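*Asks:* Give me coordinates for this.
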Amino acid sequence: MHETEMKYCVIIPAYNSERHIAAVLRDVLQYTNDIIVVNDGSTDRTLQAVETFMAVGVDVVSYPRNRGKGYAIGKGFDRALARGFTHAVTLDADGQHRAKDIVGLAEAADGDQDAIIIGSRRFDNPDMPQGNRFANRFSNFWFRIQTGISLPDTQTGFRLYPLHKMNRMRPLTRRYEAELELLVRSAWRDIKLIAKPINVYYPPSGERISHFRKGRDFLRISLLNTVLCIIAVIYGYPSMWLRRVWKYYVRR
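*Replies:* Here you go, the predicted structure:
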C-alpha cells in the first residue's frame with residue numbers, strides 16, 4: 001500500500017456492557033469522535049446507553065441476537081469500510097483498555113500502514129488474573145506452532161487493523177477464538193504483526209465482567225487450534241514460503 005493519510009476509527013464490540021460502556025465512550029471521545037459501537041444482541045440497557053452518545057457522532061450497529069465477538073468485529077469492519085476509514089482500532093467495552101494507548105497504536109501504524117498493531121499487555125501486572133496469564137501462554141504457544149512467529153500477547157482485544165488487508169478476510173469463527181484466528185490467517189498472508197506495549201486496568205474480582213464461558217469457550221479454542229495446526233501444514237506454511245519467495249524475486 002502506498003503511504004497515504006491514515007483515517008482510523010475505533011470499533012467497540014459490546015454485549016451487556018451497560019455498567020461500563022458510557023465511561024469507555026467518554027474516555028475514547030477524548031481522542032476521536034470516529035467511534036463505531038457494535039451492540040451484539042445485548043439484553044440489558046447497553047443500546048440505550050450508547051444511543052445517548054449518537055449526538056456527538058458515535059455510530060451504532062445493532063442486531064437483536066447475540067452472535068459473538070468475532071461476528072461483531074466483522075460487522076464493525078463492514079461499517080468502517082463503508083464509511084471510508086483506512087484503519088480500525090478494536091477495544092473492549094469492559095473498561096480494561098485505556099483510550100490514551102490508541103495514540104501509540106496509531107503512531108506505530110503510521111510507520112507501516114500494512115501492519116496489524118497488537119496492543120501487548122504487561123504480564124508483570126500483579127492485578128492480572130492467573131487465568132489470563134495461562135490463557136495467553138497457551139495461545140502464544142499454539143500461535144508459534146501454527147505460524148513460526150513469537151508474539152508476547154495473542155489474546156489481547158486492543159488492536160489496530162489495516163482495513164484494506166482485512167477487506168476479504170472476516171473471522172470464520174464467531175466468538176472469542178475469532179481474534180486468534182485473524183492473527184493466524186494474517187500471518188499466513190504475510191501481514192506484518194507488530195506488538196506495542198499497553199496498560200490495562202483489572203478491576204477487583206467482584207467487579208469484573210466476563211462473558212467467557214470457561215468450559216465451552218476453552219473447548220472451542222482448543223478445537224480451533226487443532227484445525228489451524230492441520231491447515232498450517234497444508235496451506236499456512238507453504239503460503240508464507242511462496243509469498244516470501246515471490247517478494248524476493250520481484251524485488252530483484
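
*Asks:* Show me the strands in the protein, by range?
*Replies:* Using DSSP state E, the strands of the chain run over 8-14, 35-40, 59-63, 87-90, 116-120, 159-162, 193-197.

*Asks:* Using TSV, please lay out those together with distance to Arg220 and mean neighbour count.
*Replies:* C-beta coordinates here come from the backbone N, C-alpha and C atoms, glycine included. Shown next, in TSV, are those (distance: least, CB to CB, whole Å; neighbours: other CB atoms under 10 Å):
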stretch	distance to Arg220	mean neighbour count
strand 8-14	17	24
strand 35-40	17	26
strand 59-63	21	16
strand 87-90	20	25
strand 116-120	21	24
strand 159-162	20	24
strand 193-197	23	16
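
*Asks:* Out of those strands, the one nearest Asp101 is which?
*Replies:* The minimum distance between Asp101 and the strands of the chain falls on strand 116-120, with 6.2 Å, by CB to CB.

*Asks:* Run me through the strand neighbours of that closest one, direction for each.
*Replies:* According to DSSP bridges, strand 116-120 forms sheet pairs with strand 159-162 (antiparallel), strand 193-197 (parallel).

*Asks:* which outside residues touch it?
*Replies:* Here strand 116-120 makes contact (CB atoms under 8 Å, 6 or more residues apart in numbering) with 97, 101, 105, 108-109, 151-154, 156, 158-162, 165, 183, 186, 191-198.

*Asks:* just checking, Trp188 touches Met240?
*Replies:* Yes - between Trp188 and Met240 a contact is recorded at 5.9 Å, counting by CB atoms under 8 Å.

*Asks:* between the two, what contacts are shared?
*Replies:* Common neighbours of Trp188 and Met240, using CB under 8 Å, 6+ apart, are Thr147.

*Asks:* re the thing from before, CSV for the strands of the chain, including mean pLDDT and distance to Leu219?
*Replies:* CSV is the format used below for those (pLDDT from 0 to 100; distance: least, CB to CB, whole Å):
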stretch, mean pLDDT, distance to Leu219
strand 8-14, 98, 22
strand 35-40, 99, 21
strand 59-63, 98, 26
strand 87-90, 98, 24
strand 116-120, 97, 25
strand 159-162, 98, 24
strand 193-197, 97, 26
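
*Asks:* For the ones you listed, give me TSV that also has distance to Leu223.
*Replies:* Listed next are the strands of the chain as TSV, based on distance: least, CB to CB, whole Å:
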stretch	distance to Leu223
strand 8-14	22
strand 35-40	22
strand 59-63	26
strand 87-90	23
strand 116-120	23
strand 159-162	23
strand 193-197	23
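
*Asks:* Tell me which of these sits nearest to Ile234.
*Replies:* Closest to Ile234 of the strands of the chain, according to CB to CB: strand 193-197, at 21.7 Å.

*Asks:* what sits up against the closest one?
*Replies:* In contact with strand 193-197 (CB under 8 Å, 6+ apart) are residues 101, 104-105, 108, 112, 115-120, 122, 149, 151-153, 183, 186-187.

*Asks:* Which among these count as buried?
*Replies:* Among those, the ones that count as buried by 16 or more other CB atoms under 10 Å are 101, 104-105, 108, 115-120, 151, 153, 183, 186-187.

*Asks:* hang on, the earlier thing: may I see the strands paired with strand 116-120 organised as a markdown table, with distance to Val50 added?
*Replies:* Listed next are the strands paired with strand 116-120 as a markdown table, based on distance: least, CB to CB, whole Å:
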| stretch | distance to Val50 |
| --- | --- |
| strand 159-162 | 21 |
| strand 193-197 | 27 |
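
*Asks:* Compare the ones you listed and give me the one nearest Val250.
*Replies:* Shortest distance between Val250 and the strands paired with strand 116-120, using CB to CB, is found for strand 159-162: 20.4 Å.

*Asks:* neighbouring contacts of that closest one?
*Replies:* Contacts for strand 159-162 (CB under 8 Å, 6+ apart): 1, 8, 77, 86-90, 105-106, 108-109, 113-119, 179, 191.

*Asks:* now swap in stretch 174-182 and tell me
*Replies:* 67-71, 73, 139, 143, 154-157, 159, 166, 169, 171-173, 212, 217, 220-221, 224-225, 228.
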